[in-house]
Every structure is written in C-alpha cells, then in structure tokens.
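> here is my input; please provide its structure:
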Amino acid sequence: MSSASTQPPDQSADRSADQQADRASGQPSDQPAGQSRRRIAPMLIVLLGGLTALGPMTIDLYLPALPHMTRELHSSQTLLQLTLTAALVGLAVGQAVVGPLSDAVGRRRPLLVGLGTYAVASVVCAVAPTIEVLVAGRVVQALGGAAGIVIARAIVRDLVSGREIARLFSLLLLVTGLAPILAPVVGGQLLRLGSWRMLFGVLTAFGVVLLLGVVFGLRETLPAERRRHGGARDAANSYLSLVRDRSFLGYALAGGFGFAGMFAYISGSPFVYQEVFGISPQFYGVLFGLNGLGLMAFSQTNGRLVRKVDPRRLLAIGQFTSLAGAILLVLAAATSVGGVVGVLLPLFVAVASLGMVGPNAMALGLAQHPEMAGTASALIGTLQFVVGALAGPLVTAVQVRSALPMATVVAGCVVLGILARALLTRDRSEASEEPSGRPARPVTASAEES
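Numbering: from 1, shown residues only. This is a model prediction of the structure:
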C-alpha cells in the first residue's frame, strides 16, 4: 500500500470530501462546520438498493424455470447448474476488477460501463440457442452486474461511517430483499405467458432502468483528492494488505460462508421443491418469497438493534440462529419427518437469520479500511461469490433425490462462517470508530432519517 493512502487527510480535505458527499447524496452542504447533518436522499437509497439487487435478480428470477430449461435445452441438472456458477464467477471476477478501479477513477464511470455491459449480455442470454452460449452470456452479464454491487457498497462507505454503515446496509437489504421475494414469484408467473427467454428480457429492462437512474440521478461520490493512484501494482498491494489483516479476513469469510449457505439453498431448492416434493413453479416462487420475507425481517431487526448492541454480538447471534435452523434441517432431511413442511420450517430459520449476518459482517469489514472502500468491498464480494460458486455445485453433484445434499451443504457453510469469525477476528467492535482511532464523523444517514 502506498504511503499516501495511509496518511490522515487534513481538515480542508475532510471538508472537501464532506461537501462532495453532500452533493452526491442530494443534500445541501452550506451548514456551519461541525454542525452538518448529512442525510442520504431516499431516491439515492432506492437506486443503491437497485444496484445491489442486480445480484439476486440475476440469480433468482429464472430459478423456477431451471427444470423446464433442462428439458428445452436438452441438458442436465449439472449443466444447468453451470449457468448459476457462471454468474457467480462473473460476479466474483467483476468485483475484484471494478473495486480497485473505482478507487482510482471514481465510482460513476465504471458503473455506467458495467450497467451497459449487463444490458447487452442479458439480450444474448435471452436469444441463446445452446447451453454453451447461455453460460458464456451469463459470465459477461455477471461481469457487468458486478459493477453495480461493489460500487453501491463503496458509495455507502463514501457517504457514512461507523455504526451508520451497518444501519444503512440493513436498510439497503430491505430494498434488495424485495428482489429474492419478487423475482421467483414474477419468474414463475411469467412462465405462464412465455418461455424462460422472457425472463432474460426482464433482466435486460432492469439493467436499462438502472443505467438511466445512474445517468440522471447519481453524482460522483469519490472526489479526486481521495482517489488512489498507483495502477495495478497499488491494487495488488491493497489486496495483499487486506488479506494480511486477520480481522478483516475473518469478517469477509464470515459473510462469504453465510452467502455460500444461501447459494446452496438457492441452487438446490428448485430441484428439491419441484422434483422431490412435486411443487409447481408458481408455488415454489411463493415459498422462496417467504424466506425472502424472513431475511428482510431479520435485517430490519438488525438495523434497529445495532443502535445499542455491538455489531459483533449481532453477527454471532445471527450465525448461531442460522446454525440451529441448519441442524434441524439436516435432521428433517435425513429422517423425512414432516415432509416438505419439515424441510421448509428449519430452512426458513437457517436462511432468514442470515439477514443479521451479512450487514454486520460487511460493516465490520469495511469500517476498518475507509481509505480503500472500493477494494475492500470488492474483496468481500469476491470471496462471497467464489465460495458460493464452490458450494452450489456440491448440491447437484449427484441427481437430486432428497433434501439432504442441500441441507448438508447449508449446515457446513454456517459452521465454517462461525469458525472464521471466532478464530480470525479481534475480540472487540471496530464498527463504532474509524480505523485510525479517530471518532467516526457525525452523520445521520439512518433508516428513519432517510
């Protein structure tokens, strides 16, 4: 890491950064020094939520169509799983590249290029004649979508600090939580009107809407004086310094294994519900949405509790609640007690409680490295999708005939997340102060104030 990146900014630089952030968030910056009250405009929160929703929308919308696609494309469950894995690989690689790039050139330009790429690749997926073309299109689609995910998180870190990060991430999860709820439901209903290709047409439209939102509704949030200038070597050094930070890596892996457990559920549930239990694509979308509602409920509870409770403690509560659900899920899947209900209820607990894992793990990791928020956000996101890409195929490595493979992978990921947090992170909260030891800047970007 270059020495310039570790120097604390002077007061004039802080004022300039604050003024730039105020303009980007749509708020006036003419208040007296020391009395500014920065608030994130509601429409900006919606836009950031839409950008972070690119991931779940890209992954979840076509889930009800997977069994149909297997037959139409004359493929297999394993090959269709590659369309999900390809998306995760693209999201991981894209974040690894775009994160440091946004730290060097700003947030807006990489975001515009990424969203344009996403829209074009979605069209390719919609007209793909073979599974091979579809997999290739999914990789490029995800590479473009990664810009929205990683830069949205970096923008949050540009504008707020301290525990406000966890609170705003919880609010964003409320917005993005609608995606996994609505996407499978909408996808299942659209299958009544047309084929799976229509679903990729919807993703194309979603990308275009976000692109227009950025063009007309988002100003640059990273001023020139806060950008990193060092090229690929500086980016490599930044990644190396983050990997060497045991505490940061612990939080990143805690969030990453939580996401992997979620993805094991996402990739396995269409086959478990539809082919093992005989549930229709439409009702599968409803069941999937119920878990999304649980995820939202836990995330919003977290957003309120983080005012008074240490984010580390909330992270641990979320992990152990998820573990309890995962253990019951394995028992239900192994014994077939309760049928589909026996699987559905513990799965709800295991998945919904991750709404307390993701925001706190992300906030605790990013709070330590404000000087390279884009790079830190990229590494966290890359770890999430790399681990998820490894976990997903394990569920469908063999023909899905019961819920046990999915349950086992979910439980294993939860256990690994707990071990990462327990063994690597320091035994104190770093979310309430800046990494340099200076108190976090007074900001008020809370859910209620927004």
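
> hey, let's count contacts and neighbours off CA atoms from now on
Noted.

> now the end-to-end length of stretch 188-207.
One end of stretch 188-207 sits 20 Å from the other (CA to CA, to the nearest Å).

> list the contacts of it.
Identification of contacts with stretch 188-207 by CA atoms under 8 Å, 6 or more residues apart in numbering yields 57-58, 61-62, 64-65, 68-69, 115-116, 118-120, 122-123, 125-127, 187, 281-282, 284-285.

> got the buried residues for that stretch?
Across stretch 188-207, burial judged by 16 or more other CA atoms under 10 Å covers 188-191, 195-204, 206-207.

> check stretch 118-138 too.
Buried residues in stretch 118-138, defined by neighbour count with 16+ other CA under 10 Å: 118-126, 128, 131, 134-138.

> just stretch 278-289 next, same as before
The neighbour-count criterion (16+ other CA under 10 Å) identifies 279, 281-289 as the buried residues of stretch 278-289.

> off-centre distance for that stretch?
Once both centres are worked out by CA atoms, centre = their mean, to the nearest Å, stretch 278-289 turns out to sit 23 Å from its chain's centre.

> what average pLDDT does it get?
Averaging pLDDT along stretch 278-289 gives 81.

> can you name the residues in contact with that stretch?
Contact with stretch 278-289 is made by 64-65, 180-189, 270, 273-274, as judged by CA under 8 Å, 6+ apart.

> try 6 Å
With contact meaning CA atoms under 6 Å, 6 or more residues apart in numbering, stretch 278-289 is reached by 64, 181, 184-185, 188, 273.

> quickly check these for the two that are furthest apart.
With distance counted by CA to CA, no two of the contacts of stretch 278-289 lie farther apart than Ile181 and Tyr273, which are 16.2 Å apart.

> so which of the two has more stuff around it?
Remark: of Ile181 and Tyr273, Ile181 carries more neighbours, 26 against 22, as counted by other CA atoms under 10 Å.

> where do the strands sit along the stretch 301-450 of the chain?
Using DSSP state E, counting those that start in this stretch, the strands of the stretch 301-450 of the chain do not appear at all; there are none.

> quick check: which ranges of it have low pLDDT?
With pLDDT under 70 as the threshold, the stretch 301-450 of the chain has low-confidence stretches at 373, 396-400, 426-450.

> next: the stretch 101-250 of the chain.
When residues are selected by pLDDT under 70, those of the stretch 101-250 of the chain lie in 161-164, 166, 170, 173-181, 230-232.

> all strands for it, in order.
Read by DSSP E, counting those that start in this stretch, the stretch 101-250 of the chain holds no strands at all.

> tell me where it has helices.
The residue ranges that make up the helices of the stretch 101-250 of the chain, judged by DSSP state H, counting those that start in this stretch, are 108-126, 131-159, 163-193, 197-217, 231-244, 246-271.

> who are the packing partners of the first one?
Applying 3 or more CA pairs under 6 Å, 6 or more residues apart in numbering; DSSP states H and E, we find helix 108-126 packed against helix 131-159, helix 197-217.

> now swap in the last one and tell me
Using 3+ CA pairs under 6 Å, 6+ apart as the contact test, the elements touching helix 246-271 are helix 357-366, helix 373-395, helix 404-424.

> quick one: closest of these to Ala297.
Evaluated with CA to CA, the helices and strands packed on helix 246-271 place helix 357-366 nearest to Ala297, the distance being 12.7 Å.

> for the residue nearest to Gln81 when sequence neighbours are not counted, the count of nearby residues, please.
Counting by CA to CA, 6 or more residues apart in numbering, Pro393 is the residue found nearest to Gln81 once chain neighbours are left out, at 6.6 Å. By the criterion of other CA under 10 Å, Pro393 has 21 neighbours.

> what distance do you get for Lys308 to Gly194?
When CA to CA is the yardstick, Lys308 and Gly194 sit 49 Å from each other.

> for Val124, which non-adjacent residue is spatially closest?
Nearest-residue entry for Val124: Gly137, 5.9 Å, with adjacent residues in sequence omitted and distances by CA to CA, 6+ apart.

> still on that earlier bit, how about the helices and strands packed on helix 108-126 in TSV, adding distance to Tyr265?
Converted to TSV, the helices and strands packed on helix 108-126 look like this (distance: least, CA to CA, whole Å):
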stretch	distance to Tyr265
helix 131-159	20
helix 197-217	21
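
> His369 is nearest to which of those helices?
Ranking those by proximity to His369 (CA to CA) places helix 131-159 first, at 9.4 Å.

> buried stuff in that closest one?
131, 134-159.

> Leu66 in helix, strand or coil?
When states are read from DSSP: H, G, I helix; E, B strand; the rest coil, the local structure at Leu66 comes out as helix.

> against Val286, how distant is it?
16 Å.

> before we move on, what about Thr408?
Taking CA to CA as the measure, Thr408 and Val286 are separated by 24 Å.

> kindly report the same for Ala376.
For Ala376 relative to Val286 (CA to CA), the value is 35 Å.

> check Gly106 too.
When CA to CA is applied, the distance between Gly106 and Val286 equals 40 Å.

> with Gly116 instead?
31 Å.

> same thing with Ala378?
When CA to CA is the yardstick, Ala378 and Val286 sit 32 Å from each other.

> circling back: keep only those of the buried residues of stretch 278-289 that are in helices.
When helices are assigned by DSSP state H, the members of those inside them are 281-289.

> ok, so of those residues, who is nearest Ala53?
Sorting those by distance to Ala53 puts Gly289 at the head of the list, at 14.7 Å, by CA to CA.

> please report how far Arg108 lies from Ala324.
Noted for Arg108: a distance of 42 Å to Ala324, by CA to CA.

> residues in contact with stretch 109-121: which ones?
The set of residues external to stretch 109-121 that reach it, using CA under 6 Å, 6+ apart, is 137, 140-141, 144-145, 147, 204, 207, 211.
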